[in-house]
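>>> Build me a structure from this.
(2 chains)
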There are 2 protein chains.
Amino acid sequence: MATMASLFLKTPGPSQSLSKTQKTHFVLPLNLPVSYSWRSKFRAVPGARIRCGPLIEPDGGKLVDLVVEEPQRDLKRRQALSLPKIKLSKIDIQWVHVLSEGWASPLKGFMRESEFLQTLHFNSLRLGDGGSLVNMSVPIVLAIDDSHKNRIGGSTSVALVDDKDKLIAILNDVEIYKHNKEERIARTWGTTAPGLPYVDEAITHAGNWLIGGDLEVIEPIKYDDGLDRFRLSPAELRDELTRRNADAVFAFQLRNPVHNGHALLMTDTRRRLLEMGYKNPVLLLHPLGGYTKADDVPLQWRMRQHEKVLEGGVLDPETTVVSIFPSPMHYAGPTEVQWHAKARINAGANFYIVGRDPAGMGHPLEKRDLYDADHGKKVLSMAPGLERLNILPFKVAAYDKTQNRMAFFDPSRPQDFLFISGTKMRSLAKNKESPPDGFMCPGGWKVLVEYYDSLTPAGNDRVPEPVPV
Amino acid sequence: MATMASLFLKTPGPSQSLSKTQKTHFVLPLNLPVSYSWRSKFRAVPGARIRCGPLIEPDGGKLVDLVVEEPQRDLKRRQALSLPKIKLSKIDIQWVHVLSEGWASPLKGFMRESEFLQTLHFNSLRLGDGGSLVNMSVPIVLAIDDSHKNRIGGSTSVALVDDKDKLIAILNDVEIYKHNKEERIARTWGTTAPGLPYVDEAITHAGNWLIGGDLEVIEPIKYDDGLDRFRLSPAELRDELTRRNADAVFAFQLRNPVHNGHALLMTDTRRRLLEMGYKNPVLLLHPLGGYTKADDVPLQWRMRQHEKVLEGGVLDPETTVVSIFPSPMHYAGPTEVQWHAKARINAGANFYIVGRDPAGMGHPLEKRDLYDADHGKKVLSMAPGLERLNILPFKVAAYDKTQNRMAFFDPSRPQDFLFISGTKMRSLAKNKESPPDGFMCPGGWKVLVEYYDSLTPAGNDRVPEPVPV
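Residues are numbered from 1 along each chain as shown, chains lettered A, B, ... in the order given. Model prediction:
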């Protein structure tokens, strides 16, 4: 049985002590050297002649890297001393992280108005080459208030600091423009109903201005939470995928505990890719690590749960890469799923698995899902800038009572299947009940029970506390 | 002095009696035969070598024409007898009109879900050729309620009738899908505030389903309001523009009374196009004829006002084509201005004049404009599918008190200029006061005074009645 550590790590030890180039990689034996180029025009097409080789090209042709080289850092720190300061929230820092490593390539910093408008209206950005579009569906913006704006005055650069005044980045050639929150929310979420988690957390009380510009990030963003070593950048993932000689990379975004239905799906996807003619399809199992809403299972617990599930051996460690995707969640359904997919192109994935109601949630006011459950995969398949990505819709998995395991739903015998929703799963775990055998390995289930137990120390029915971000 | 009739008409007489091919054209002498093709790749580029010849290609390469040929009409009427019926509102019929003549080319009917989603998320439609995009920012959809849906059952075609049960069109290969009004409104208007005129008129009380399909329109849509002869189809406009040997066509969308500032702008635009090297730029002066909100001046009165202004000789009849654009208004600002521009490409325009806050209005609840006044022209210049259209931003015209006429604002002497807003203009006309000399010709102003007078027969301050649509 593979441990999670063996899936992740070549070298043990706290990531904080490792410089960027020394960052650890995966332990697995497929360490074949392979020559490739980020700029290659190669694209894996199902059914076409398959060859090992370069991964899908990043958006814009080149992976953005905004982290200042080590020798320049002190100079930048000194330069920043004379600049107006903006204090970043934890979510702002997560976006700096996302931008710094090129998940949003070709974006080089917080959006200026032209990029913001293109994102709101077209979910895509036009490249400087005059015509071609890259996908960009979620505004990556930095809000400031009137006092910040006044303080910045005519300065063309500003220093971005954390809550302890530590310099995180410098934003250059800044542009300040109006933050029309209502319009941003309506166009991003398709509703302005109160109670959208990201809106409540990061927009409602934010300033009435947005500031865009080019980022210089002083050093790699770290969280010192014991999970930094799992946060592989797109460049590091590309290195690893290349080392493994992957000729197809299929990404699986998740922000929930993983169960055997997921594992079945991922295993089946690999089988289908092999049938298509790929020789070495690799799974990028990619839990989201940024802001999530209060009633989602926090990252620390999810990673523990994933570890137990992987120990259970349901996924092959030789063809699985587990890493954390640093983006915050918007819960913006069909709009956000494009961001989730686009970012994975930049990490080297050319296949994206999409499920029912991706990045969706219940309507904050009405008794219904906020989004049509099929719109996510439909919008994804039509989105400008995602033409190069192969979309793999989820097959529906459910608990097959005749076999006591998760299986693909067979519509000819619906009576044999049990659907265990997220709500049902949470309710079972909260009540320390067990799901049917074969739904999830006992170790993984135990983590969930412990998590919910940790929320109710006095055994009462206290509502989970929001996880601070 | 040219009369409006001379600008419009070659042959007098009620349009109703004229078949489509006999429809009258313009009286002006430039009747030069010229050979051209809709499918030509010619594109007028400022600064490039200019030649007379083909107009800009319609979106999708071919102008859509959904009107059934005369010999087939009776057959279609008989076929429709056995189909489930849907009653169209007046706004629905305006959209049938828009679709029937190819203003929305390459759209061939009310949107199916795939087109609806692409419009909401990307403001554009992907063509069947696999990659290229045409602009389509406003959903053109037909709402039905549960009882309609039940009545349609498994029928693949439905008959669309007017309020007198007259057959307007047949919708074929229908697809019925959910009408999520909140999401449609939020993504189209960037707000869900109550009080959006089109929403109140056409969405709030509409059914919870949308039905898409391919249209067969039984005969050309007519309104019998004395203005049908001014409603030139894109094909007819292209004929006329070609006859006039136009080598640049600049479109001016308007839904308000025209004043000398507009005239100055249009004259100045022609001068600029001549300077660019065009030999015969033609203005398409194109008032919107569909649904407008209650406090806009109704079409009939606007056309009377335009006639008086044109009689005043401020525009050259030889280089001006006046026609009615049959679309309803959304008042959706930057989203809608794309539709206004895209439709004019289909009518042969390769230049589009865009002003401050196009298709905008005040926020229904807050004391501010709903949209940033500059977003319209910015979004227009970035919109997918409008790359072929040259965007000409409005220069600001104001009343120059030193010259007693409208002139382009000179920021070096702001004290000399008077800005007369629409609100100010309405308030003057309502109070039967006169604007400064040179703002608008007296005949045009008189029409406005008469219009507002007609709203207050007892001389009291009654609020204008909504114009039924």
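
>>> Return the distance of stretch A:289-306 from the chain's centre.
Relative to its chain's centre, stretch A:289-306 lies at 12 Å (Cα atoms, centre = their mean, to the nearest Å).

>>> Between the two ends of it, how far is it?
13 Å (Cα to Cα, to the nearest Å).

>>> For that stretch, buried residues please.
A:289-293, A:296-297, A:299, A:301-306 (16 or more other Cβ atoms under 10 Å in any protein chain shown). Placement of C-beta: from N, CA and C, glycine included.

>>> Please flag which of these sit within helices.
A:Leu299, A:Trp301, A:Arg302, A:Met303, A:Arg304, A:Gln305, A:His306 (DSSP state H).

>>> Run through the residues of the stretch 1-150 of chain A sitting next to chain B.
A:113-114, A:117-118, A:120-124, A:126, A:131, A:133, A:137 (Cβ under 8 Å from any Cβ of the partner chain).

>>> Please render those as a markdown table that adds distance to A:Val64 and secondary structure to the earlier fields.
Formatted as a markdown table, those follow (distance: Cβ to Cβ, whole Å; DSSP: H, G, I helix; E, B strand; the rest coil):
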| residue | distance to A:Val64 | secondary structure |
| --- | --- | --- |
| A:Glu113 | 20 | helix |
| A:Ser114 | 17 | helix |
| A:Leu117 | 21 | helix |
| A:Gln118 | 17 | helix |
| A:Leu120 | 21 | helix |
| A:His121 | 23 | helix |
| A:Phe122 | 20 | helix |
| A:Asn123 | 19 | coil |
| A:Ser124 | 17 | strand |
| A:Arg126 | 17 | strand |
| A:Gly131 | 20 | coil |
| A:Leu133 | 17 | strand |
| A:Ser137 | 17 | coil |
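
>>> mind showing which ranges of chain A have poor pLDDT?
Scanning chain A for pLDDT under 70 picks out A:1-53, A:457-469.

>>> Quick check: which of the ones in helices among the buried residues of stretch A:289-306 are also close to chain B?
Of these, not one also sits near chain B (Cβ under 8 Å from any Cβ).

>>> about what we covered before: please convert the buried residues of stretch A:289-306 to a markdown table, extending it with distance to A:Asp268.
Formatted as a markdown table, the buried residues of stretch A:289-306 follow (distance: Cβ to Cβ, whole Å):
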| residue | distance to A:Asp268 |
| --- | --- |
| A:Gly289 | 26 |
| A:Gly290 | 29 |
| A:Tyr291 | 31 |
| A:Thr292 | 27 |
| A:Lys293 | 30 |
| A:Asp296 | 26 |
| A:Val297 | 25 |
| A:Leu299 | 27 |
| A:Trp301 | 27 |
| A:Arg302 | 23 |
| A:Met303 | 24 |
| A:Arg304 | 26 |
| A:Gln305 | 21 |
| A:His306 | 19 |
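
>>> Just the buried positions in stretch A:198-214, please.
Buried, per 16+ other Cβ under 10 Å, within stretch A:198-214: A:198-199, A:201-203, A:206-207, A:209-214.

>>> and if you look at stretch A:416-425?
Going by 16+ other Cβ under 10 Å, stretch A:416-425 has these buried residues: A:Phe417, A:Ile420, A:Met425.

>>> Show me those that map onto helices.
Using DSSP H, those in helices are A:Met425.

>>> out of the buried residues of stretch A:416-425, who's nearest A:Glu311?
Closest approach between those and A:Glu311, by Cβ to Cβ: A:Met425, at 19.7 Å.

>>> I'd like the distance between the closest one and A:Met361.
16 Å (Cβ to Cβ, to the nearest Å).
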